[in-house]
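> Give me coordinates for this.
(chains A and B, ligands or ions: 2)
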Amino acid sequence: MGAKVVTITSGKGGVGKTTTTANLAVALASLGYKVTCMDSDIGLRNLDVVLGLENRIVYDLVDVVEGRCRIRQAMIRDKKFPELYLIPAAQTRDKSAVSPSDMIRLCDELKPDMDWVIIDSPAGIERGFKNAIAPADVVLVITNPEVSAVRDADRIIGLIEAEQKGPAHLIINRLNPALVKKGDMLTAEDVVNLLAIDLLGIVPEDENVVASTNRGTPIVLETHSKAGQAFMNIAKRLNGDEIPLMNLDGKGNIFSIFGKRTK
Amino acid sequence: MSGFVDKLLNKPSSADTARQRLQLVLIHDRANLPPGQIDMMKEELIRVISKYVEIDRAKAEIAVENEGREQRLTINIPLVAESRRYQG
Ligand SMILES: Nc1ncnc2c1ncn2[C@@H]1O[C@H](COP(=O)(O)OP(=O)(O)O)[C@@H](O)[C@H]1O
Ligand SMILES: [Mg+2]
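Ligands and ions are numbered 1, 2, ... in the order given. I've put the predicted structure just below:
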């Protein structure tokens, strides 16, 4: 059988790809699966710090591709989950050091021993993006409910289709229910209608994400946090479970007298 | 409070404006056809078609429509009826 390869991409930078990769990887590991996550953002390594594994790096993705080590030697074991691994990006090279066929070869090598391989993609639509989606069985597009992020998501969804990797699934990150209620943020429904792809989940804006990133412990382990619950739900949906969307309505306030904001 | 005041004044919310702007931007991005070129194309199409048939220019509609992620160019141009042609 072998692992399912999931690539997390976005078009626009800073919308939450690395945060999502780390949280889905930890969530799936906590559900008992064998998971390897791979940072394909060569030159801008980040997944290691978000997972709190930066001090354990010996080899990186480019070392494996260029034959300086075996893939097992570049797989850093997580502190908490013994069957969660990270393959870090190289920090001092550029994206041309890796090709799409290298990525396919690496994933083929990982597949027999894993249940999930999760790839964090760099921003943009160039080589790094092509590398990241080449081995994907499933592509997840992250966006924020905001004009430029949605526009870039639409471009990337088109390119994923052009590369025969579609249809992509959507994750809306950093939805702020209070702003939606005020009419100052696109609703999740707006974003889904505009992009016309399947919605896998909605993650609310949550200041605890920043604190958990500071500590290097993904928020999905904090079961009381809304963002943590949202990431866990997404991991379960990815796994095929039917989990209803969370209710993200803010607390009742003066604006609620106008009722639900629908078209 | 902007949302509250806007609602009282019946002004579209910033989210409504964002949605409408994105609807148009995505049409042009997907078709790789900037808004100015759509207008040029419309004029040219109307010119070509009127070489062959008499059309009602005022009611001519040429638009890009979405169906899921598929886009299609819809052209809806009323022809001028024979009776009206004779009246000049
Ligand atoms: N749901 C969220 N709530 C609050 N902050 C978030 C959320 N998701 C991401 N962030 C923050 O946004 C920033 C960018 O996230 P990151 O995952 O690095 O984006 P990308 O990998 O797409 O560039 C980080 O500082 C992260 O902590
Ligand atoms: Mg990143």
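
> how close does the most centrally placed residue in chain B get to residue B:53?
Geometric centre of chain B, nearest residue: residue B:63, 4.1 Å, by Cα atoms, centre = their mean. Using Cβ to Cβ, to the nearest Å, we find residue B:63 at a distance of 20 Å from residue B:53. Any C-beta I mention is one placed from the backbone N, CA and C, and that applies to glycine too.

> Need the pLDDT of the residue nearest to residue A:92 when sequence neighbours are not counted.
Nearest non-adjacent residue to residue A:92, counting by Cβ to Cβ, 6 or more residues apart in numbering or on different chains: residue A:43, 7.6 Å away. The predicted local distance difference test score for residue A:43 is 91.

> Strands of the chain, start to end?
With no chain named, the answer covers chain A. For chain A, the strands identified by DSSP state E occupy A:4-9, A:35-39, A:76-77, A:84-87, A:116-120, A:138-143, A:169-175, A:198-204, in order along the chain.

> Please refer instead to chain B.
Secondary structure of chain B (DSSP E): strands located at B:61-67, B:70-76.

> where among the ones you listed is the average confidence lowest?
Between the strands of chain B, the lowest average pLDDT goes to strand B:61-67, which shows a mean of 86.

> List the buried residues of the longest helix anywhere in chain A.
Among all segments of chain A classified by DSSP state H, the helix with the greatest residue count is helix A:147-162. Of the residues in helix A:147-162, A:147, A:149-154, A:156-160 count as buried by neighbour count, 16 or more other Cβ atoms under 10 Å in any protein chain shown.

> returning to that earlier point: and the residue nearest to the centre of chain B, what is it in contact with?
Going by Cβ atoms under 8 Å, 6 or more residues apart in numbering or on different chains, residue B:63 touches B:73-74.

> Same check on residue B:53?
Residue B:53 sits in contact with residue B:79, where contact means Cβ under 8 Å, 6+ apart.

> Which parts of chain B are helices?
When secondary structure is read from DSSP H, chain B shows helices at B:2-8, B:14-31, B:35-52, B:82-87.

> between the ones you listed, which one is nearest to chain A?
helix B:2-8 (3.5 Å; Cβ to the nearest Cβ).

> hmm, who's touching stretch A:158-167?
Contacting residues not belonging to stretch A:158-167 are listed as A:7, A:9, A:125, A:129-130, A:133, A:136, A:139, A:141, A:157, A:168, A:197-198, B:30, B:69 [Cβ under 8 Å, 6+ apart].

> how about a markdown table for the strands of chain A, with mean pLDDT added?
Rendered in a markdown table, the data for the strands of chain A read as follows (pLDDT from 0 to 100):
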| stretch | mean pLDDT |
| --- | --- |
| strand A:4-9 | 98 |
| strand A:35-39 | 98 |
| strand A:76-77 | 98 |
| strand A:84-87 | 98 |
| strand A:116-120 | 98 |
| strand A:138-143 | 98 |
| strand A:169-175 | 98 |
| strand A:198-204 | 97 |
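
> which one of the ones you listed has the most crowded surroundings?
Each of those was assessed for mean neighbour count using mean count of other Cβ atoms under 10 Å in any protein chain shown. The highest is strand A:35-39, with a mean of 28.

> Can you name every helix or strand that it contacts?
Applying 3 or more Cβ pairs under 8 Å, 6 or more residues apart in numbering or on different chains; DSSP states H and E, one finds that strand A:35-39 makes contact with helix A:17-30, helix A:47-50, strand A:84-87, strand A:116-120.

> Indicate which one of these is closest to residue A:188.
With respect to residue A:188, and counting by Cβ to Cβ, the nearest of the helices and strands packed on strand A:35-39 is helix A:17-30 at 15.8 Å.

> Does the closest one reach ligand 2?
Yes - under the criterion of Cβ under 5 Å from the ion, ligand 2 is reached by helix A:17-30 at A:17-18.

> angle of that helix against strand A:116-120?
Interaxial angle, helix A:17-30 versus strand A:116-120 (axes from the mean of the first three to the mean of the last three Cα atoms, to 10 degrees): 170 degrees.

> what comes up buried for helix A:17-30?
Residues of helix A:17-30 classed as buried: A:17-30 (neighbour count, 16+ other Cβ under 10 Å).

> likewise stretch B:47-58?
residue B:49.

> first to last residue in it, what's the distance?
For stretch B:47-58, the first and last residues are 13 Å from each other (Cα to Cα, to the nearest Å).

> For that stretch, give the mean pLDDT please.
For stretch B:47-58, the mean per-residue pLDDT is 92.

> That stretch: how far from the chain's middle?
The chain centroid and the centroid of stretch B:47-58 are separated by 18 Å under Cα atoms, centre = their mean, to the nearest Å.
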